[in-house]
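Visitor: when you get a sec, could you give me coordinates for this:
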Amino acid sequence: MSIGMTMAEYWDEDCCLTKYYRKAQDIRNERLNEQLWIQGAYIYEALCCASPLFRSLSKNAKAVPYRDKPYNFGGSSPAENATTEKKRYAKNMDIFMAKMAVINRQHKEVKNANG
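Guide: Below you'll find the model as predicted:
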């Protein structure tokens, strides 16, 4: 009953429901654990930013500014993706052109040797 299943579901419904409720509970526990870990990371970062203020021997201690935006877990923005994709395309094109030049040079050498 602690996993969200009612007594009626446990006793009267399909016996496989317990497996699904347990799996759902595991997913909820994992999600909560990740959220608490992220919260701990934020607290740790905040303490690291403020730690210069806690040094008693420093005279002009200044706190490091805390981040402006939250952590980005969903990947990069579409604009960043487009820029990255263009850079990757240009790099791959340069590699391709260099390989093509080598092959063309080898082809000319073979053609000149055969004559």
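
Visitor: need the residue closest to the centroid of this structure.
Guide: Phe73 (5.5 Å; Cα atoms, centre = their mean).

Visitor: that one: what's it in contact with?
Guide: When the contact criterion is Cβ atoms under 8 Å, 6 or more residues apart in numbering, Phe73 has no partners at all. Glycine gets a C-beta too; all of them are placed from N, C-alpha and C.

Visitor: other SSEs contacting the helix or strand harbouring Asn29?
Guide: Using DSSP states H and E, Asn29 sits in helix 17-50. If you count contacts as 3 or more Cβ pairs under 8 Å, 6 or more residues apart in numbering; DSSP states H and E, helix 17-50 packs onto helix 7-12.

Visitor: any idea of the mean pLDDT in the helix it packs on?
Guide: For helix 7-12, mean pLDDT is 82.

Visitor: then stretch 101-115?
Guide: Averaging the model's pLDDT scores along stretch 101-115 yields 86.

Visitor: secondary structure class for the residue nearest to the centre of the chain?
Guide: Under DSSP: H, G, I helix; E, B strand; the rest coil, Phe73 falls in the coil class.

Visitor: just how off-centre is the helix holding Asn29 within its chain?
Guide: Helix 17-50 sits 16 Å away from the centroid of its parent chain (Cα atoms, centre = their mean, to the nearest Å).
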